[in-house]
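Undergrad: Any chance you can model this:
(one chain, ligands or ions: 1)
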Amino acid sequence: KLNERVDIDGNDEIGQLSRAYNFMSTKLSHIEKQRKDFVANVSHELKTPLSSMKLLAESLIMQPSNNISIYHEFLEDIDSEIDRLNEIIESLLSMVDLDEEKLNLNYKLTYVNYLIEKVVNNIRPLAEKKNIKIIISQWEKIQIFIDQGKIYQALMNIIYNAVKYTDDGGKITINIEKEGRYAVIKVTDTGYGIPKESLPYIFDRFYRVDSARSRKTGGTGLGLSISHQIISLHQGTIEVESEVKKGSTFIVRLPMDVNKH
Ligand code: ADP
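TA: The predicted structure follows:
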């Protein structure tokens, strides 16, 4: 049974054994709790769009069959709920992949600048729709060994968030520079910012500051945890500085001396 403790004081072997046992037992119950929370979260996330679809379908069944315009409207709603389910499942799948790919990153010598350019090009149409400017303020050319697809995804999540959580007319500034043995990428936005009490949880799976708003903007609460996982796999770090109503800065540090072929 988990959670069980054996409390024996003293520095003899039995005392040491009991402390080691308690340590393992605490750790195991922690892992078990995380697993349960995860399953509960996934179920909840999947159930929400399913419940909406069920309601929409039931109302459609009750409609008189000549009311074509209602049919159309409800089917569109069902269609967007299906998109949402797909988005959640895609995120879950890439998370599972990451768990399994620990030792299996496809390292290639890459210009970080090239990846940033690719992300910015793909996101620009969306930013333009909101009249948000994306500015590259510092642009040091840096070449490092990374898994291109993975780091692309990690940076995409961060820059996409910057666009999502910034009001129309805002500004996103990207900075690439060397700092000691690290390539440092900074993404600063003039958006909503993140409350201080939320900052410790921002990289947790399924965590959202404002779940109602995030659902509307199409969030799953998985993006940043995926970015964090990818960057950690590269032995890098990700940090955030933020002030509510002023904006946020995400700082990614990737070691330049990792040399994996
Ligand atoms: P989501 O899919 O909800 O965007 P993420 O894991 O990418 O999930 O982000 C977690 C939460 O962190 C978001 O729901 C949002 O509340 C907050 N967040 C992330 N990036 C920013 C940002 N640039 N500005 C303000 N809030 C942000």
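
Undergrad: Return the residues of this protein in contact with the ligand.
TA: Neighbours of the ligand within the chain, by C-beta under 6 Å from any ligand atom: 157, 161-162, 165, 189, 191-194, 202, 207-210, 214, 219-225, 248. Backbone N, C-alpha and C define where each C-beta goes, glycine included.

Undergrad: Now, those residues that are in helices?
TA: 157, 161-162, 214, 223-225 (DSSP state H).

Undergrad: Adding pLDDT and neighbour count, write those out as JSON lines.
TA: Converted to JSON lines, those look like this (pLDDT from 0 to 100; neighbours: other C-beta atoms under 10 Å):
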{"residue": "Asn157", "pLDDT": "95", "neighbour count": "21"}
{"residue": "Asn161", "pLDDT": "96", "neighbour count": "22"}
{"residue": "Ala162", "pLDDT": "97", "neighbour count": "27"}
{"residue": "Ser214", "pLDDT": "61", "neighbour count": "18"}
{"residue": "Gly223", "pLDDT": "93", "neighbour count": "21"}
{"residue": "Leu224", "pLDDT": "96", "neighbour count": "23"}
{"residue": "Ser225", "pLDDT": "93", "neighbour count": "20"}
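
Undergrad: among those residues, which two are most distant?
TA: Ala162 and Ser225 (16.9 Å; C-beta to C-beta).

Undergrad: so how far is whichever helix in the chain runs longest from its chain's centroid?
TA: Assignment by DSSP H gives helix 13-62 as the longest helix of the chain. On the basis of C-alpha atoms, centre = their mean, to the nearest Å, helix 13-62 sits 18 Å off its chain's mean C-alpha point.
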